[in-house]
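Trainee: Show me how the following folds:
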Amino acid sequence: MAESSPSELKWMNGVQVNAKRIPDDVWEGFKAIILKQYETHTLDEVKRYMAEHHNFVATKRQFIHRVMEKWKITKYNRKTDDDHKTIDTHVRPSKKPGKSESKGKQPQKGHSIAQSSFAIQQEQSYVLYDDEQYIDPLLCDMSSQDVKYWYSLLADLLYALGDSQSAFQIRARLYQYYPDVLLAVACGRSAQAKFQIEAVRDIIEKAINKPDVRDDSWIKFLFGAQLARTWDQVGDKDNAFEQTAALVDKYLDLNTSQPRQMATRGPELDIAAYIYLRHLILQYNKDDLNFEEGDPELKVDKFLENFLEHQPYRVFRRHISCLSSCLNWCIDMLEANSVLPGAMQNIPEDSLYKIVCLLWRTWTQGLQQSQRSPQWTAQAMEQLGISASELLTLVVCTIMATIPAARAKGQQYDSTVADAIRRANKLRDSGDTTLLDRFLVQVQRSADQRMAARDEVVYLVRSAKFQPVRNFIATCVPEIIKLPVAHSGFIYPLLVTDPVHEEPVRKTPSPPGPSFVDFQHGQSY
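Mentor: Sure thing, here's the model as predicted:
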């Protein structure tokens with residue numbers, strides 16, 4: 001077997017060199033043994049078993065490529081409580097001496113006892129109500145197109161504001177009536193509670209085999225990345241890491257830091273694919289077993305830049321007009337609504353929540369009065385692959401993260417609105433390129449908060465604190481549209497709550513970009 005054993009994966013001058021190829025007939029000769037072991041063990045355990053008992057040495061990437069890509073074996077290695085009692089080999093060893101299971105699991109310095117007890121509280125409140133009832137039964141019939149439209153808007157806003165669990169309930173009910181591929185992606189993005197994760201896994205596994213989900217599209221990648229994340233969300237790290245490594249093997253060229261080029265075009269800039277590509281690489285870097293001693297981690301920024309280079313808006317030199325259009329609309333509406341309405345007085349003292357709610361009410365009031373929707377609302381999905389509500393919220397975040405211009409003399413605006421106007425005008429003056437750069441920074445920060453593991457988030461938006469926002473939202477939609485029942489569980493806020501007591505832990509620094517202020521913490525970047 002010596003002549004067929006590959007050398008371990010090496011790097012030369014920062015460039016990855018593939019391991020020595022193992023002939024197909026050698027793989028086929030061991031196929032039955034490998035697959036038999038894979039029925040009850042992880043790939044890492046199979047890899048060690050084959051080396052120890054059959055002198056068959058291959059890298060993890062070679063096992064993933066052969067088993068999952070060539071042999072099409074993509075089963076999930078679920079573990080029951082009995083498995084944990086009887087099989088202790090499922091514990092993943094660290095590849096490097098003295099290191100924890102993964103880079104992302106290193107203990108955080110300076111964590112207080114309060115933070116530790118908070119993590120326990122999160123764990124205890126993870127399952128919110130009966131697993132079988134993952135959709136609020138009070139949600140009305142959604143077969144009407146008008147009802148569908150308003151519930152879609154409501155779910156999009158709840159998701160954008162951080163109430164992902166309520167958003168999932170609406171989206172899952174909509175999916176029962178309209179099993180659309182994009183709606184399946186939306187369900188995957190918003191599932192948080194354990195029973196929601198189980199439900200969304202079923203949705204995705206069915207949607208991924210639809211005829212319109214082509215292998216050469218980013219939708220296929222999105223579904224794969226979402227499935228991998230579902231295992232991470234329920235604590236099954238083995239399956240999460242194996243599925244992540246398989247996706248990296250299929251969609252990324254590690255020698256050139258290039259994502260796979262898709263023949264099927266999506267939006268001008270696919271924000272969802274951008275988010276999940278970044279998350280996938282960060283998760284891959286956490287698994288020590290993907291690397292040999294001294295190997296560098298994958299360069300996230302390089303992959304993302306190459307991803308952007310091949311997006312349609314750059315390939316065809318087209319302008320993403322919905323960003324500037326939304327920004328201009330925000331400025332116009334804020335200037336026309338200089339005083340916050342009385343109904344917003346109970347919303348927490350957070351400018352971001354208030355500005356988003358004010359602008360969303362202005363938009364939805366126009367819809368109910370049969371006014372024409374702003375142009376950017378129709379362009380958001382086409383150009384960025386996200387909802388208009390998510391675009392609006394991210395643009396407001398980008399506005400409020402901008403260093404404000406000096407207050408002009410004689411301005412009589414409410415201070416909250418005036419501050420937003422000054423920041424928005426400063427952002428508009430910076431130009432479209434800077435606007436896009438800063439927008440992508442907010443996209444990354446939002447994704448980091450939503451996708452953080454439960455022990456990596458140290459704040460919780462309490463239902464009582466978020467309820468005034470929900471109450472205000474309810475006044476902006478037709479009476480027939482009802483919000484799902486609020487549950488005292490996780491809300492991963494896109495927006496600021498209380499930075500003193502609820503500041504998030506960010507393990508991954510934001511990439512370098514134009515100077516701006518982090519409005520959450522008053523820090524300049």
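
Trainee: residue boundaries of the strands in the chain?
Mentor: 10-12, 15-17, 252-253, 258-259, 517-518, 523-524 (DSSP state E).

Trainee: packing partners for the third one?
Mentor: Meaning strand 252-253. strand 258-259 (3 or more Cβ pairs under 8 Å, 6 or more residues apart in numbering; DSSP states H and E). Yep, even glycine has a C-beta here, placed from its N, CA and C like the rest.

Trainee: which outside residues touch the strand it packs on?
Mentor: 251-253, 277, 303, 306-307, 310 (Cβ atoms under 8 Å, 6 or more residues apart in numbering).

Trainee: What strands line up against it, and which way round?
Mentor: Here strand 258-259 has these sheet partners by DSSP bridges: strand 252-253 (antiparallel).

Trainee: For the closest residue to residue 361 other than its chain neighbours, which residues are in contact?
Mentor: What sits nearest to residue 361 in space, not counting adjacent residues and going by Cβ to Cβ, 6 or more residues apart in numbering, is residue 476, at 4.9 Å. Counting by Cβ under 8 Å, 6+ apart, residue 476 touches 360-361, 364-365.

Trainee: Can you tell me which of those are classed as buried?
Mentor: 360-361, 364 (16 or more other Cβ atoms under 10 Å).

Trainee: Show me how the record splits the chain into domains.
Mentor: As recorded under automatic domain parsing, the domains making up the chain are 2-70, 115-315, 322-451+495-524.

Trainee: next one: the second one to chain centre, how far?
Mentor: Shown here is domain 115-315, whose average C-alpha point lies 6 Å from the average C-alpha point of the whole chain (Cα atoms, centre = their mean, to the nearest Å).

Trainee: what residue lies at the spatial centre of this structure?
Mentor: residue 447 (4.6 Å; Cα atoms, centre = their mean).

Trainee: So what's the residue count around residue 191?
Mentor: A count of nearby residues for residue 191, using other Cβ atoms under 10 Å, gives 28.

Trainee: correct me, but it touches residue 204?
Mentor: No - the pair residue 191 / residue 204 is not scored as a contact, 9.5 Å apart, by Cβ atoms under 8 Å.

Trainee: which neighbours do these two share?
Mentor: residue 230.

Trainee: now the chain, which segments are flagged as low pLDDT?
Mentor: Residues of the chain that meet the criterion pLDDT under 70 lie in 1-20, 74-139, 293-294, 349-350, 405-414, 453-464, 487-525.

Trainee: which one's the longest helix in it?
Mentor: helix 432-451 (DSSP state H).

Trainee: Could you measure from the residue nearest to residue 357 when sequence neighbours are not counted over to residue 466?
Mentor: Nearest residue to residue 357 in three dimensions, chain neighbours excluded: residue 472, at 5.4 Å (Cβ to Cβ, 6+ apart). As for residue 472, its distance to residue 466 is 11 Å (criterion: Cβ to Cβ, to the nearest Å).

Trainee: Then residue 221?
Mentor: Applying Cβ to Cβ to residue 221 and residue 466 gives a distance of 33 Å.

Trainee: swap in residue 248?
Mentor: Residue 248 is 37 Å from residue 466, by Cβ to Cβ.

Trainee: Which of these two has more residues huddled nearby?
Mentor: residue 466 (23 against 20).

Trainee: picking that back up, can you say which of the domains of the chain is nearest to residue 482?
Mentor: domain 115-315 (6.1 Å; Cβ to Cβ).

Trainee: so how far is stretch 334-351 off the chain centroid?
Mentor: 29 Å.

Trainee: mind checking the end-to-end distance for that stretch?
Mentor: Between the opening and closing residues of stretch 334-351 lies a distance of 13 Å (Cα to Cα, to the nearest Å).

Trainee: Put the alpha carbons of stretch 280-289 into PDB.
Mentor: Coordinates of each C-alpha in stretch 280-289 appear next as PDB, following Å, rounded to 0.1, in the frame of the first residue of the first chain:
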ATOM      1  CA  LEU A 280     -19.100  28.400   5.800                       C
ATOM      2  CA  ILE A 281     -15.400  29.400   5.600                       C
ATOM      3  CA  LEU A 282     -15.400  30.600   9.200                       C
ATOM      4  CA  GLN A 283     -16.800  27.300  10.300                       C
ATOM      5  CA  TYR A 284     -14.300  25.400   8.200                       C
ATOM      6  CA  ASN A 285     -11.500  27.300   9.900                       C
ATOM      7  CA  LYS A 286     -12.800  26.300  13.300                       C
ATOM      8  CA  ASP A 287     -12.200  22.600  12.700                       C
ATOM      9  CA  ASP A 288      -8.600  21.700  13.500                       C
ATOM     10  CA  LEU A 289      -9.000  18.400  11.700                       C
END
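
Trainee: Who are the contact partners of the nearest residue to the residue nearest to the centre of the chain once chain neighbours are set aside?
Mentor: Of all residues not flanking residue 447 in the chain, residue 275 sits nearest, at 4.5 Å (Cβ to Cβ, 6+ apart). By Cβ under 8 Å, 6+ apart, residue 275 lies in contact with 443-444, 447.

Trainee: ranges for the helices of the stretch 151-300 of the chain?
Mentor: Per DSSP state H, counting those that start in this stretch, the stretch 151-300 of the chain carries helices over the ranges 164-177, 181-190, 194-207, 218-233, 237-251, 271-286, 300-309.

Trainee: so how far is residue 306 from residue 253?
Mentor: 9 Å.
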